[in-house]
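[1] For reference, the sequence and a predicted model appear below.
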Amino acid sequence: MINKKLKKGFSIIELLMSLAIIGLLTTIILTSFVSFRKNQSLSKDTETIVETLRQARNQTLSSKNSSNYGVHIESSKIVLFTGSTYVVNTASNQEFILNSTDNILSITLAGGGSEVVFNRLTGETSQNGTVVVSSAGISKTKTVTIYKTGVIESQ
């Protein structure tokens, strides 16, 4: 006859199985969360690039300060600048730093270079092309396309 007092509680096997299941679920949830955050970061940085290019074009079209505007693109930041050429450390430059997990994978502009400058009155650019943004840890990229007409879109 088995003593009923010995049947109370969990066995060590049941406890270890419960902990293993909880650990597995936690790992799956955290992995999904990290991937989600990286996707969100990539989308946000891509939108920052698009909006900065659009801001440069709009300021050029409105003839703000009777000047044209452009965007300088680096691997980890973009810079909105005044004038037809980018000058480092100018007081009017506005820097936008990308998230540390994101970087600009490639810059393919007509005529080479890493600046997009918009023409006054028309808003067009001769530096049309693409900018590809990637995020570390996920195999996803986003492409910003700059058309000769000055229109900007992302995919």
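    Noted; the coordinates are in hand. All values derive from a computational prediction rather than experimental measurement.
[2] so which helix or strand takes in the residue nearest the centre of the chain?
    The geometric centre of the chain, computed from its C-alpha atoms, lies nearest to residue 45 (Cα atoms, centre = their mean), at 2.6 Å. Secondary structure here is read from DSSP states H and E; on that basis residue 45 sits in helix 12-61.
[3] pLDDT averaged over that helix - what is it?
    Average pLDDT, helix 12-61: 93.
[4] what's it packed up against?
    In terms of contacts (3 or more Cβ pairs under 8 Å, 6 or more residues apart in numbering; DSSP states H and E), helix 12-61 is packed against strand 69-73, strand 77-82, strand 94-97, strand 102-109, strand 115-117, strand 129-135, strand 141-146, strand 152-154. The C-beta positions use only the backbone N, C-alpha and C, and glycine is treated the same way.
[5] which one of those strands is the most hemmed in?
    Stretch with highest mean neighbour count among the helices and strands packed on helix 12-61: strand 69-73 (a mean of 24; mean count of other Cβ atoms under 10 Å).
[6] Just want the angle from that strand to strand 102-109.
    Angle of strand 69-73 versus strand 102-109, following axes from the mean of the first three to the mean of the last three Cα atoms, to 10 degrees, is 120 degrees.
[7] Each with direction, which strands does strand 69-73 pair with?
    The sheet places strand 69-73 alongside strand 77-82 (antiparallel), strand 115-117 (antiparallel), with pairing taken from DSSP bridges.
[8] With only the CA atoms kept, save that strand in PDB.
    C-alpha atoms of strand 69-73 as PDB (Å, rounded to 0.1, in the frame of the first residue of the first chain):
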ATOM      1  CA  TYR A  69      19.500  72.400 -50.400                       C
ATOM      2  CA  GLY A  70      21.000  68.900 -50.500                       C
ATOM      3  CA  VAL A  71      21.500  65.700 -48.500                       C
ATOM      4  CA  HIS A  72      24.900  64.200 -47.800                       C
ATOM      5  CA  ILE A  73      24.800  60.400 -47.200                       C
END
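[9] who's in contact with it?
    Judged by Cβ atoms under 8 Å, 6 or more residues apart in numbering, the contacts made with strand 69-73 from elsewhere in the structure are 49, 52-53, 55-57, 59-60, 78-84, 86, 104, 107, 114-118, 131.
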